[in-house]
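Enquirer: next one to model:
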Amino acid sequence: MGKDNEGKDVFLREIWPSREEVEALADKIITPEMFAENYTRKIAVGKAGNEKWHSIVVKGGLQYEW
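Expert: Numbering: from 1, shown residues only. Predicted structure coming up:
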């Protein structure tokens with residue numbers, strides 16, 4: 001990544017947070033209300049959304065027809 005104040009190499013693995021640290025922070029900050037608000041906004045935009053996107057004809061099924 002670079003060098004520290006003493007000229008020693010600094011590696012990403014030395015500054016990257018652990019999975020546990022990330023999960024602990026997420027558990028502390030992210031609330032169910034935040035998720036619900038964000039999801040609701042995306043649904044609202046999706047319904048209004050882009051005319052071209054909504055005009056795509058889609059057939060049902062488990063696989064996309066290429």
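Enquirer: low-confidence ranges in this protein?
Expert: 42-49 (pLDDT under 70).
Enquirer: where along it do the helices fall?
Expert: Residue ranges of the helices in the chain, as given by DSSP state H, are 12-15, 19-29, 32-48, 51-54.
Enquirer: so which of the ones you listed gets nearest Glu65?
Expert: helix 51-54 (17.5 Å; Cβ to Cβ). Backbone N, C-alpha and C define where each C-beta goes, glycine included.
Enquirer: next, count neighbours for Ile15.
Expert: 8 (other Cβ atoms under 10 Å).
Enquirer: let me see the contact set for it.
Expert: Neighbour list for Ile15: Met1 [criterion: Cβ atoms under 8 Å, 6 or more residues apart in numbering].
Enquirer: between its first and last residues, how far does stretch 50-66 reach?
Expert: By Cα to Cα, to the nearest Å, the extent of stretch 50-66 from end to end equals 22 Å.
Enquirer: can you put the helices of the chain in CSV and add distance to Met1?
Expert: Formatted as CSV, those follow (distance: least, Cβ to Cβ, whole Å):
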stretch, distance to Met1
helix 12-15, 5
helix 19-29, 18
helix 32-48, 31
helix 51-54, 40
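Enquirer: for Ala36, see how far away the spatially closest residue to Pro17 that is not a sequence neighbour is.
Expert: Counting by Cβ to Cβ, 6 or more residues apart in numbering, Pro17 lies nearest to Leu25, which is 7.9 Å off, once chain neighbours are set aside. Plainly put, Leu25 is 20 Å away from Ala36 if you go by Cβ to Cβ, to the nearest Å.
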